[in-house]
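Peer 1: Below is the sequence, then the predicted model.
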Amino acid sequence: MTLVFLALLLLVLLSAAAVRSFRRFADERLGAPGRAIPPAPAATALDRAIAPLTDAHPGTTGVILVDDNSEAFALRALSAREAGRSLDLQYYLWHADEAGGLLVREVLAAADRGVRVRVLLDDINARGKDRAILALDSHPMIEVRLFNPSRNREGIVLRAMEMLLRAVSLNRRMHNKVWIADGRLALVGGRNIGNEYFDAADQVNFHDADLLLAGPAVDEASAVFDRFWNSRAVIPIKALHSIRGRRLLPLLRRRLEALVAHSRASPWLQHLADAGADAGVDAGRGRLAGTLPFTWVSDVQVVSDPPEKASPLEDEQQADRWLVRLIEPRLSDARTEALLISPYFIPGEAGAELLAARARDGVSIRVLTNSLAATDVALVHAGYSRYREDLLAAGVQIHELKPHQVRRIGILGRSKASLHTKALVVDGQRGFVGSFNLDPRSVQLNTEMGVLFSDAALAGQLRGLFLQSAAAEMSYRLYLEDGALRWADDTPQARRVWIREPEANAWRRAVVAVMRWLPIESQL
C-alpha cells in the first residue's frame with residue numbers, strides 16, 4: 001500500500017511539473033495577435049452579394065437551416081471559391097479524405113488569389129497530419145494553429161508519456177465548428193470536415209445540421225474565432241517544429257490535383273454535378289449571388305465556451321461563462337414543449353431530474369438520440385442507457401435513430417446512418433444549433449459553440465427536422481411494458497416490437513452491458 005501511495009504521489013508531482021513546463025513552453029511560442037478583417041461595402045463578390053441583403057434588413061441576421069449534407073459541402077466550397085478577403089476556419093476534426101481534400105484545395109486556391117486564411121484545428125485529431133498542415137501553413141497567405149497541442153510531435157513513446165503526464169489538460173478539447181468567409185457568411189453547427197459529414201462515405205453518413213448566417217451574428221462568430229486564435233491554449237504549427245513546410249507545399253498541391261482527377265468518377269461528385277455543379281461546388285453559385293432563402297431574425301446570438309475552459313487549473317476555467325449556463329435555462333423555462341436532438345446523450349443525475357421534472361409538470365419532453373446500432377461511440381451509449389427507464393417512467397419520450405432507414409438511400413448506395421445533429425427547440429419559439437451534446441464532456445471538458453435564437457419561423461423549421469427524424473421511418477420509439485424496455489418500429493410495412501437493442505449484434509450488446517459498470521461517466 002505504501003508503494004502504491006508513493007507511486008501515485010510521484011505521478012501527481014510529475015504531472016504538475018509537466019503541466020507547468022508545458023505552460024512555459026507554450027507561452028514562449030504563442031503566435032502574434034490577429035483579428036478578423038472587417039467587411040467592406042463592395043470589395044469582394046461576397047460583399048456585393050450579401051451587403052444588399054443585410055442592408056435591407058438592418059438589425060437582423062439572415063439564418064438558413066442547412067440539414068442537407070450535399071448543400072453543406074457546396075456552401076463551404078463555394079464560399080471559399082467566392083471569398084476575396086478572408087477565410088477563418090475552426091474545426092475539431094478535418095479528415096484527409098475526399099471531401100476534406102477538396103475543401104483544402106479550395107482554401108489553397110483562395111490563398112493563391114490573395115485571400116488571408118486562418119485555420120484553427122484541435123490537435124487531438126491532427127496526429128499524423130503535421131506534414132500536410134506544415135505544407136499548408138508555408139503558404140504566405142495561410143496560417144494554421146493548433147488548440148492544446150502535444151509538445152512531442154514525433155515518436156510514440158514521448159507522445160504517450162506526455163499524454164499520461166498531461167492527461168488533465170490534454171483531455172480538454174476544442175469541439176467548436178465554424179466556417180467564416182469574408183466576414184459576410186458564417187456556417188456554425190455540428191459538422192466537422194470529412195466524407196461522413198457530406199454524404200460521401202460508403203459505410204456511415206451522419207445526419208447533421210448547420211446554420212448559415214449573414215449579418216450581425218457573423219461578427220459574433222468572428223469574435224469567438226479571434227478569442228480562440230489569440231488564447232494561451234493555441235500555438236502555431238510552425239512553432240512546434242524545426243522543419244519548414246515550403247518544400248512540402250508542391251507535394252501537397254500534386255496530391256490534391258491527383259485527388260481531383262480521381263474524384264471525378266466519384267458517384268458523390270457525380271450526384272452534385274447532376275444538380276448543376278462543377279466538381280461539386282458550383283451548384284449554389286446563384287444562391288450566393290443573392291437568392292439565398294434567409295429567415296431574418298432579430299434575436300440571434302453566436303455563443304461559445306471560453307478557450308480558458310481547457311485550462312487544467314480550475315480558477316482559470318471561467319465556469320460562470322460556460323455554454324451550459326445559457327442552454328440549461330431554456331430547458332428549465334420550457335412551458336409546453338422541449339425537443340432535444342443529441343447524438344451523444346448522457347444527461348447525468350441533475351440533467352435527468354430536470355427533464356423528468358419538466359415532464360411531470362406537463363411539458364412535452366422528447367429526445368432524439370442514436371440507437372446502439374447507429375451510434376459511432378458505443379461507450380457513450382453505455383452511459384446513456386442507464387437513464388432510459390427512469391426518463392420514460394417520468395413521461396419523457398425517447399426516439400433512437402435507426403441505422404438503416406426506409407427513406408434514406410445514400411448517394412453511394414444504402415449507407416448506414418448515424419445521428420450527429422445537436423439541437424434544441426423550446427415552445428416552438430426558441431432554439432439552439434451547434435456542437436454541444438447533452439453529455440458531461442460537452443458540459444465540463446470540451447469547448448463548444450453554437451447559435452441561440454428566438455424566432456417562430458426558424459424554430460418551426462428546426463421542429464420539422466426533429467419530427468422528420470423522430471418519425472417511424474427513421475427512428476424507434478421507446479416505451480416501458482411492465483417496467484421492461486421496449487423498442488417499437490411503427491412503420492406500417494414492418495411493425496415490430498424489440499425486447500433488446502434492435503439491429504445490434506450480441507457482441508455489441510455485451511460490450512455495452514459491461515461498459516455500463518465502468519465509473520467513467522464524467523469523461524463521456
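Peer 2: Looks like it came in fine.
Peer 1: From the contact counts, what lies against the regular element (helix or strand) spanning Ala350?
Peer 2: Per DSSP states H and E, Ala350 falls inside helix 348-360. Packed against helix 348-360 by the contact rule (3 or more CB pairs under 8 Å, 6 or more residues apart in numbering; DSSP states H and E) you find helix 324-332, strand 364-370, helix 388-394. The way it works is simple: take the backbone N, C-alpha and C, and place the C-beta from them, glycine included.
Peer 1: hey, which of the ones you listed is tucked in deepest?
Peer 2: Most buried of the helices and strands packed on helix 348-360 by mean neighbour count (mean count of other CB atoms under 10 Å) is strand 364-370; its value is a mean of 23.
Peer 1: Return the list of helices and strands in contact with the helix or strand following it.
Peer 2: Under the assignment DSSP H and E, the closest C-terminal helix or strand after strand 364-370 is helix 378-385. Applying 3+ CB pairs under 8 Å, 6+ apart, one finds that helix 378-385 makes contact with helix 506-515.
Peer 1: Could you tell me the angle between the helix it packs on and helix 378-385?
Peer 2: In terms of direction (axes from the mean of the first three to the mean of the last three CA atoms, to 10 degrees), helix 506-515 departs from helix 378-385 by 60 degrees.
Peer 1: List the buried residues in helix 506-515.
Peer 2: For helix 506-515, a neighbour-count test (16 or more other CB atoms under 10 Å) marks Arg508, Val511, Val512, Met515 as buried.
Peer 1: May I see these organised as a markdown table, with distance to Arg388 and pLDDT added?
Peer 2: As requested, the buried residues of helix 506-515 are exported to a markdown table (distance: CB to CB, whole Å; pLDDT from 0 to 100):
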| residue | distance to Arg388 | pLDDT |
| --- | --- | --- |
| Arg508 | 17 | 87 |
| Val511 | 17 | 85 |
| Val512 | 12 | 85 |
| Met515 | 15 | 84 |
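Peer 1: Need the residues you listed in JSON lines (columns: distance to Leu75).
Peer 2: Formatted as JSON lines, the buried residues of helix 506-515 follow (distance: CB to CB, whole Å):
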{"residue": "Arg508", "distance to Leu75": "35"}
{"residue": "Val511", "distance to Leu75": "38"}
{"residue": "Val512", "distance to Leu75": "37"}
{"residue": "Met515", "distance to Leu75": "38"}
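Peer 1: Can you lay out the helices and strands packed on helix 348-360 as TSV showing mean pLDDT and distance to Leu485?
Peer 2: Output for these, formatted as TSV (pLDDT from 0 to 100; distance: least, CB to CB, whole Å):
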stretch	mean pLDDT	distance to Leu485
helix 324-332	95	24
strand 364-370	98	14
helix 388-394	97	6
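Peer 1: Let me have these in JSON lines, adding distance to Leu355 as columns.
Peer 2: Below are the helices and strands packed on helix 348-360 laid out as JSON lines (distance: least, CB to CB, whole Å):
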{"stretch": "helix 324-332", "distance to Leu355": "7"}
{"stretch": "strand 364-370", "distance to Leu355": "5"}
{"stretch": "helix 388-394", "distance to Leu355": "6"}
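Peer 1: Select, out of these, the one closest to Tyr197.
Peer 2: Each of the helices and strands packed on helix 348-360 was scored for nearness to Tyr197 using CB to CB, and the closest is strand 364-370 (15.4 Å).
Peer 1: how far off helix 324-332 does that closest one point, in degrees?
Peer 2: Interaxial angle of strand 364-370 relative to helix 324-332 (the same axes, to 10 degrees): 130 degrees.
Peer 1: Can you name every helix or strand that strand 364-370 contacts?
Peer 2: Counting contacts by 3+ CB pairs under 8 Å, 6+ apart, strand 364-370 packs against strand 337-341, helix 348-360, strand 397-401, strand 416-419, helix 456-470.
Peer 1: returning to what we had before: please name whichever of the helices and strands packed on helix 348-360 is nearest to Ala457.
Peer 2: Among the helices and strands packed on helix 348-360, helix 324-332 sits nearest to Ala457 (CB to CB), with 18.0 Å.
Peer 1: Please list the outside residues in contact with the closest one.
Peer 2: Where contact means CB atoms under 8 Å, 6 or more residues apart in numbering, the residues beyond helix 324-332 that reach it are 303, 338, 340, 354-355, 358, 424, 426, 430, 432, 436, 442-443, 452.
Peer 1: Now it - C-alpha only, CSV.
Peer 2: As requested, the backbone C-alpha atoms of helix 324-332 are provided in CSV (Å, rounded to 0.1, in the frame of the first residue of the first chain):
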residue,chain,number,x,y,z
VAL,A,324,-24.3,25.2,-20.5
ARG,A,325,-25.1,28.2,-18.4
LEU,A,326,-27.0,29.6,-21.4
ILE,A,327,-28.6,26.3,-22.6
GLU,A,328,-29.9,24.9,-19.3
PRO,A,329,-32.3,27.9,-18.5
ARG,A,330,-34.0,27.3,-21.8
LEU,A,331,-34.9,23.8,-20.7
SER,A,332,-35.9,25.0,-17.3
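Peer 1: from the middle of its chain, how far away would that helix be?
Peer 2: 19 Å (CA atoms, centre = their mean, to the nearest Å).
Peer 1: Not counting residues beside it along the chain, what's closest to Leu259?
Peer 2: Gly101 (4.5 Å; CB to CB, 6 or more residues apart in numbering).
Peer 1: And what about that neighbour, helix, strand or coil?
Peer 2: helix (DSSP: H, G, I helix; E, B strand; the rest coil).
Peer 1: what's the angle between the helix holding Ala350 and strand 397-401?
Peer 2: 120 degrees.
Peer 1: can you pull the buried residues of helix 348-360?
Peer 2: For helix 348-360, by 16+ other CB under 10 Å, it's Gly348, Gly351, Ala352, Leu354, Leu355, Ala356, Arg358, Ala359.
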